[in-house]
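Undergrad: build the 3D model from these lines:
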Amino acid sequence: MATQRTLFKGGTILTLDAKVPNLAVGDVLIQDGRIAAVGPNLQADDAQLIDAAGHIVMPGLVDAHHHMWLGAMRRMMPNVDDLFAYIDVVAEQLGAHYRPLDMYLSTKLTAAAALDAGITTIIDACHSSRSPGHTDAALDALEETGIRALHMVGAAMDKKASAAHLPADLQRLAQNWNNTGSLVHVGLFGQLNLDWWKVARELDMRILTEFIGDLAKLGPEFAQPGVLGTHNIFNHCTRVPLETWKLLADTGVNITINPRSDALFGFDDETFAYQLAVDHGLAPALGVDLDTAFGSDMFGEMHALFGQQRSAMRYRRFRGEVDAPAPISVEAVLEAATINGARAAGLEDQVGTLTPGKQADIIMVRTNGVAVFPVTNAVGTIVHAVERADVDTVMVAGTLRKRGGQLLGIDLAKLNTEVTASRDYLLDASAYRADLFSTAA
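TA: As a prediction, this is how the structure comes out:
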């Protein structure tokens, strides 16, 4: 079998690996889906050449928490600030009518939008696994788009749904998807159900819990040895008591936060979940959370994290807290959007940095846009200036998924027609009335 090689040539290289130097001008060689070398003046005469001059080449972004099944409900509730009003609409009214087809189309739309924005890995927090058929539809959509994904199977939130197929269906899913070489894997969106956790752990699955401190508590049973660990992902983690933070830190769980969503619903306060995680020695990752208000891109989350942390910490300092944490750096923000997310997904040895031997999940970002040039600081440019339109090239496991600013292998016109029809079906079936111009929450 012929060796497949691709050479990104002459770009500014951001490796995110302290042991692999960044390069003002350098190359990245890809061989058989993995990073073979990073350095200046690499030679590979038989490789496909990608001219990276005038671009930043870096690891793909990792969206560490996203309810991908909400794709058809984009911006349906842009002003909502009541979690239970949100649940009523997306779960009780529209979600109750989801067919496997709607699950497939929403997930495919979200995956396509993620790839377009330079997201190469996504943790799909599916709290709408209404049946094995719905789960299979979502997994098929992920596989077809070519994104790397960890699909977290969870009970649907509406009262009409049955979870009788869970957790038993996890074994089938693990056998079908959790294989070496598969881009798509399956975990459990298990909340605090320890009976379900036990099944997931026997299958070596990661476990996701959405955790808001004044809505849920960790009882003493969670402090038992082996219950919590690096297999756990806790999302939000807002308004969590300090003794619970100590337990999370001592057991090494993964923390993900959603800067825009946490602000939208008013989950967080000036203590700031991201900062509390850092203060306890953890490395929080970023997620978009939902499309009912936002777009599927990590640039917005990076902007929000930088501004929110600086605002929260300066408020604490102005209030008289002399030892308030230092302002966040753009380097920390970018790590939260790359390697920290890879760690949350259990993929830190595979993706998240441009390290030889890792999977070739790479993006190339144009720097010739009027909002971007001249590039004086590469990390600051990515965190503060770049947008999805600047993402020129996206590669996942050595396969190009976007090139020259255009997604490959996805018929966007067809997808638009299909998703719009899915949304209209859901609105008709639920009798929910969406207003094109309403500003009501």
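Undergrad: quick one: secondary structure of the residue positioned nearest the centre of the chain?
TA: Centrality entry for the chain: nearest residue to the mean C-alpha point is Asp63, 1.5 Å, by Cα atoms, centre = their mean. In three-state terms, and counting by DSSP: H, G, I helix; E, B strand; the rest coil, Asp63 is strand.
Undergrad: domain ranges for the protein?
TA: 5-59+359-407, 61-344 (automatic domain parsing).
Undergrad: circling back to that earlier point, from Val372, how far out is the residue nearest to the centre of the chain?
TA: The gap separating Asp63 from Val372 is 22 Å, by Cβ to Cβ, to the nearest Å. The C-beta positions use only the backbone N, C-alpha and C, and glycine is treated the same way.
Undergrad: in the longest helix that the chain contains, what's buried?
TA: In the chain, taking DSSP state H as the definition, the longest helix is helix 298-318. With burial defined by 16 or more other Cβ atoms under 10 Å, the residues of helix 298-318 counted as buried are 298-306, 308-309, 312-313, 316.
Undergrad: make JSON lines from these and add distance to Arg172 and pLDDT to it.
TA: JSON lines is the format used below for those (distance: Cβ to Cβ, whole Å; pLDDT from 0 to 100):
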{"residue": "Met298", "distance to Arg172": "32", "pLDDT": "98"}
{"residue": "Phe299", "distance to Arg172": "37", "pLDDT": "98"}
{"residue": "Gly300", "distance to Arg172": "36", "pLDDT": "97"}
{"residue": "Glu301", "distance to Arg172": "34", "pLDDT": "98"}
{"residue": "Met302", "distance to Arg172": "37", "pLDDT": "98"}
{"residue": "His303", "distance to Arg172": "41", "pLDDT": "98"}
{"residue": "Ala304", "distance to Arg172": "38", "pLDDT": "97"}
{"residue": "Leu305", "distance to Arg172": "38", "pLDDT": "98"}
{"residue": "Phe306", "distance to Arg172": "42", "pLDDT": "98"}
{"residue": "Gln308", "distance to Arg172": "41", "pLDDT": "96"}
{"residue": "Gln309", "distance to Arg172": "42", "pLDDT": "97"}
{"residue": "Ala312", "distance to Arg172": "44", "pLDDT": "93"}
{"residue": "Met313", "distance to Arg172": "47", "pLDDT": "94"}
{"residue": "Arg316", "distance to Arg172": "49", "pLDDT": "91"}
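Undergrad: which one of these sits closest to Gly404?
TA: Top of the list for closeness to Gly404, among the buried residues of helix 298-318 and by Cβ to Cβ, is Phe299 at 19.7 Å.
Undergrad: you'd agree that closest one is up against Ala389?
TA: No. Between Phe299 and Ala389 there is no contact, the gap being 10.1 Å when judged by Cβ atoms under 8 Å.
Undergrad: so what's Arg316 closest to, chain neighbours aside?
TA: Ala324 (4.0 Å; Cβ to Cβ, 6 or more residues apart in numbering).
Undergrad: where in the stretch 301-441 of the chain is pLDDT low?
TA: Applying pLDDT under 70 to the stretch 301-441 of the chain flags residues 439-441.
Undergrad: please enumerate the strands of it.
TA: Taking DSSP state E, counting those that start in this stretch as the criterion, the stretch 301-441 of the chain contains strands spanning 362-366, 391-396, 399-403, 406-407.
Undergrad: make a markdown table out of the ones you listed and add distance to Thr238.
TA: Below are the strands of the stretch 301-441 of the chain laid out as a markdown table (distance: least, Cβ to Cβ, whole Å):
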| stretch | distance to Thr238 |
| --- | --- |
| strand 362-366 | 30 |
| strand 391-396 | 30 |
| strand 399-403 | 34 |
| strand 406-407 | 34 |
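Undergrad: closest to Leu354 out of those?
TA: strand 362-366 (6.9 Å).
Undergrad: alpha carbons of the closest one, as PDB, please.
TA: Backbone C-alpha positions of strand 362-366 (Å, rounded to 0.1, in the frame of the first residue of the first chain) are rendered in PDB as follows:
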ATOM      1  CA  ILE A 362      -4.700  20.100  12.100                       C
ATOM      2  CA  ILE A 363      -6.200  23.500  11.000                       C
ATOM      3  CA  MET A 364      -4.600  26.200   8.900                       C
ATOM      4  CA  VAL A 365      -5.800  29.700   9.500                       C
ATOM      5  CA  ARG A 366      -5.500  32.600   7.000                       C
END
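Undergrad: and it with strand 399-403, angle?
TA: 20 degrees (axes from the mean of the first three to the mean of the last three Cα atoms, to 10 degrees).
Undergrad: now do the buried residues in strand 362-366.
TA: 362-366.
Undergrad: need the contact partners of that strand.
TA: Outside strand 362-366, the residues that touch it by Cβ atoms under 8 Å, 6 or more residues apart in numbering are 8, 11, 28, 30, 35, 50, 52, 54-61, 118, 120, 354, 372, 382, 386, 390-395, 405.
Undergrad: kindly report the same for stretch 25-38.
TA: 3-13, 15, 20, 23, 39-42, 44, 47, 52, 57, 354-360, 362, 395, 397-399.
Undergrad: please consider this matter closed, and thank you.
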